[in-house]
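1. below are the sequence and a predicted model for it; my questions follow.
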Amino acid sequence: MKRLWHFKSTVENPSVFPFDGPFEKGYLRVALDMGLNGRIALVCGASSGIGAAAARILAEQGARVIALARREAPLKKLIDSLPGSGHGFLVCDLSYRDELRSKITNLVKDAGPIEILVCNSSGPKGGPISEATEDAFLNTFGQHLLANQVLVQCLLPGMKERKYGRIINVISTSVKIPIPGLGVSNTIRGAVASWAKTLSLEVAPFGITVNSVLPGYTDTERLAELLKANAVAQNRSENEVADDWKKATPMKRFGRPEEVAAAIGFFASPAASFITGVAMPVDGGRTGTI
């Protein structure tokens, strides 16, 4: 799938313009390749929310999608609704890493090299970091960072073989600015961001990119859980808390899962071939950093 974009040229001599492509009425025509035909994508946390939206947009771009999550029923429903053919699902809990490694190894044997990996998992229970237990940190570390490591080790040989790889992590804007009341999440997601940046340096020579998408307030089941918890803690209504969060977002609304998925689709595409090691907020402008 190639989408045509037009850029107004201000260069008098088109022959020195640093792009290949014909000029037409003062415009440069540049085709961005967003197509993923023939490529296989593994999307974790795909039963709902951002994961399900990512599976859909990757299928729309032509990829064969393998959707992974703990619940079979929503995975079946998702796969049946995706455009294209050859999609499948895998029921697995990212917390059980030996099982995860075994299932992904068998998946690669059956399906062939998987070139797109979307690392996505539900966040831990909120609360002050000073009150968090050791198990809360250890369990979250295993579910997020160690599970990502297992997935990458299983899929990296195939990516190197095909000279194409896209590893995309769905994390949080908390890696830029910690979010109050999410002590464990802030800590572990920061570790995942550092892991991703380090990995990006190692695999770049093989044509493999590693990028992270940082959702802000996005209308998902996870947001509903956080709204409820904050409302109880503050002795306020969920609507009041939601209004405050929307006011803190320059666009004055919550994001949609499809808007976060659009960034994932771009990072997965050939068009993003020279972008790696970045952590990009998709948050309506809320994150107060450059």
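-> Received it, and whenever you're ready, just let me know what you need.

2. okay, buried residues for the helix of greatest length in the chain please.
-> When the chain is parsed with DSSP state H, its longest helix is helix 183-203. Using 16 or more other Cβ atoms under 10 Å as the test for burial, helix 183-203 gives 183-193, 195-197, 199-200, 203. Heads up, the C-betas are built off the backbone N, CA and C, glycines and all.

3. what's the answer for stretch 32-45, then?
-> The neighbour-count check on stretch 32-45 (16+ other Cβ under 10 Å) flags 34, 35, 36, 39, 40, 41, 42, 43, 44, 45 as buried.

4. please apply the same query to stretch 66-73.
-> For stretch 66-73, the neighbour count (16+ other Cβ under 10 Å) marks 66, 67, 68, 69, 70 as buried.

5. what's the closest non-adjacent residue to the fourth one?
-> Once flanking residues are discounted, residue 69 sits nearest to residue 47: 3.7 Å by Cβ to Cβ, 6 or more residues apart in numbering.

6. what separation do you get for the closest residue to residue 88 other than its chain neighbours and residue 223?
-> Leaving aside its sequence neighbours, residue 88 sits nearest to residue 66 (Cβ to Cβ, 6+ apart; 5.2 Å). Counting by Cβ to Cβ, to the nearest Å, the gap between residue 66 and residue 223 amounts to 26 Å.

7. please apply the same query to residue 105.
-> 34 Å.

8. of those two, which one has the most company?
-> A direct count of neighbours by other Cβ atoms under 10 Å for residue 105 and residue 223 places residue 223 higher, at 18 against 14.

9. so that one, which state does it fall into?
-> helix (DSSP: H, G, I helix; E, B strand; the rest coil).

10. quick one: residues contacting it.
-> 217, 254 (Cβ atoms under 8 Å, 6 or more residues apart in numbering).

11. same thing with residue 287?
-> Taking Cβ under 8 Å, 6+ apart as the test, what residue 287 contacts is 173, 176, 177, 214, 216, 281.

12. the first one reaches residue 215, doesn't it?
-> Yes - with contact defined as Cβ atoms under 8 Å, residue 173 counts as touching residue 215 (7.2 Å).
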